[in-house]
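Chemist: Starting from these lines, generate the structure:
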Amino acid sequence: MKVADDVRVRIPVLTTADPMTRARQVLRDDTFREIAITDTKGRYVGYINITDALKVTTTKSDVQIEGFVRDGAVVKPDDSLIVVARAIREKKSDSAVITNNDGQVLGAVLLSEIFPILCTREDLRGTVADHMHRSPGVCEADDPVSRVYAKMVEEGIAAFPVMKSRHLIGIISRRDILNSGRVRKTLESGGKIPVESVMVTPVIAIGPDESLRSAAERMVEHDLSQMPVLDGDVLVGMIDRHGVLNGLSARE
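Modeler: Predicted structure coming up:
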């Protein structure tokens, strides 16, 4: 049975005294969604994520990380993957940091890495409707990206379904915005790029009455962190990896 140390990866680590612009650069240029933060003595104190980084513009170079640190998921090297999943679910994060007995960061376990393992190995109980987020926020295809970006930052939302004439036509995420240099320049200059020029299509979706295991298999197959839920042509919810993890609770 695998433990946390078996799936440990190296992660970016910054200190509370580093500038937020440095965190923004790391999250923009790397594949990680979160950065582990230590105090000036190297002891883990929490993390910051993409939403935190988006709150700081490139002109605010003197803002330090200390004021943005969140309480993070922490595990030990020999903790089981179920314990890791529980820690991630409780903190609503995308990773759990592995520390030694002195609180120093050894690495991390990424939810994206253990998600396929747990979905293959463990029982998943219930339907999509049991664990989805109902009435999700949406945006319109002709909304300016700047407006959607501001809403993501304000509400801490990772992605929005994109609607046109009441039909789901795409999805746009924070990562889509961060990865697009054209969009970042537009945000800084006050431009009005429409969402439909940045959104991802076609949309991979699932029905509310389908099993949680079907949702997990589809998310693993397409490497999705979340997925719209459609009842016919009507958007009724969103299911994400944390929702799927809730289906593991009966075994714990």
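
Chemist: from here on, contacts and neighbour counts on C-alpha atoms
Modeler: Fine.

Chemist: show me where the stretch 51-200 of the chain has helices.
Modeler: Counting by DSSP state H, counting those that start in this stretch, the stretch 51-200 of the chain has helices at residues 81-91, 111-121, 128-131, 145-155, 174-179, 181-189.

Chemist: Torsion angles phi and psi at Glu221?
Modeler: Main-chain dihedrals, Glu221, degrees, to the nearest 10: phi -60, psi -40.

Chemist: same thing with Gly72?
Modeler: Per-residue torsions, Gly72: phi -110, psi 170 (degrees, to the nearest 10).

Chemist: hang on, isn't it packed against Arg89?
Modeler: No - using C-alpha atoms under 8 Å as the test, Gly72 is too far from Arg89 to be in contact (10.6 Å).

Chemist: So those two - more neighbours on which side?
Modeler: Between Gly72 and Arg89, counted using other C-alpha atoms under 10 Å, Gly72 has the larger neighbour count: 24 against 20.

Chemist: Who are the contact partners of the most centrally placed residue in the chain?
Modeler: Nearest to the geometric centre of the chain sits Asp94, at 5.6 Å (C-alpha atoms, centre = their mean). Asp94 sits next to 33-34, 88, 110-112 when contact means C-alpha atoms under 8 Å, 6 or more residues apart in numbering.

Chemist: among the residues you listed, which two are most distant?
Modeler: Across the contacts of Asp94, no pair lies farther apart than Arg33 and Ile88, at 13.5 Å, counting by C-alpha to C-alpha.

Chemist: Looking at these two, which is more packed in?
Modeler: The neighbour count for Arg33 versus Ile88, taken as other C-alpha under 10 Å, is higher for Ile88 (24 against 18).

Chemist: State the pLDDT value of the residue nearest to the centre of the chain.
Modeler: Asp94 carries a pLDDT value of 90.

Chemist: what's the distance between it and Ile88?
Modeler: 7 Å (C-alpha to C-alpha, to the nearest Å).

Chemist: okay, and the common contacts of these two?
Modeler: Shared contacts of Asp94 and Ile88, defined by C-alpha under 8 Å, 6+ apart, are found at Leu111.

Chemist: Quickly find the element holding Met219.
Modeler: helix 212-221 (DSSP states H and E).

Chemist: Let me know the angle separating that helix from helix 111-121.
Modeler: Helix 212-221 and helix 111-121 are oriented at 130 degrees to each other (axes from the mean of the first three to the mean of the last three C-alpha atoms, to 10 degrees).

Chemist: How about helix 212-221, which residues are buried there?
Modeler: Residues of helix 212-221 classed as buried: 212-216, 218-220 (neighbour count, 16 or more other C-alpha atoms under 10 Å).

Chemist: what does stretch 138-149 give?
Modeler: 138-141, 143-146, 148-149.
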